[in-house]
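**Q** here you go, sequence then predicted model.
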Amino acid sequence: MNRLLVLLLVGASLSLAAPLPFRDVPQGFWAAPAITRLWQLGILAGYPGGLFRGNQPISEAQFLILLRRTLIVLYAEAVLSGHASPATLHALRALIRELKDPQKWLKTAWTPSRTNTSPLSRL
């Protein structure tokens, strides 16, 4: 996990000056700064050919991958800040490990209803 943290932070710092890699995100688009930041942090990777495909829905597996990448960034920031409790760091590490295999989570079929039967309810 520590090597991943260092690679994530080095990669994010090296990419701060890099241009937005998605050719289908127009200059001046209202969400371009957020898309750029998420790409810089390694949360968004895009599609082959330098595409973002912002109008295309994402799958449940893609969502879980984005969630895991976000948790990794939160963990890195929590470690660097020194303000996170050991319990918080432990919980973040556990969630990151749990989400390592999105297919495991997707094996549970669920339908939104009044009762929360979503696999995400286990978080």
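**A** Here it is on my side, so go on. Note that the structure is predicted; figures quoted are calculated from it, not measured.
**Q** and Leu71, how many residues sit next to it?
**A** By the measure other C-beta atoms under 10 Å, the count of residues near Leu71 is 20. For glycine as for every other residue, the C-beta is placed from the backbone atoms N, C-alpha and C.
**Q** could you do Phe52 as well?
**A** Phe52: 21 neighbours (other C-beta under 10 Å).
**Q** quick one: pLDDT of it?
**A** Here, the pLDDT recorded for Phe52 equals 95.
**Q** what about the nearest residue to it once chain neighbours are set aside, how many neighbours?
**A** Leaving aside its sequence neighbours, Phe52 sits nearest to Phe22 (C-beta to C-beta, 6 or more residues apart in numbering; 3.6 Å). Residues near Phe22, counting by other C-beta under 10 Å, number 21.
**Q** Phe22 contacts Ala45, correct?
**A** No: Phe22 is not in contact with Ala45 according to C-beta atoms under 8 Å; the separation is 10.1 Å.
**Q** low-confidence ranges in the protein?
**A** 1-19, 107-123 (pLDDT under 70).
**Q** the residue nearest to Phe52 should be in a helix, yeah?
**A** No: applying DSSP: H, G, I helix; E, B strand; the rest coil, one finds Phe22 to be coil, outside a helix.
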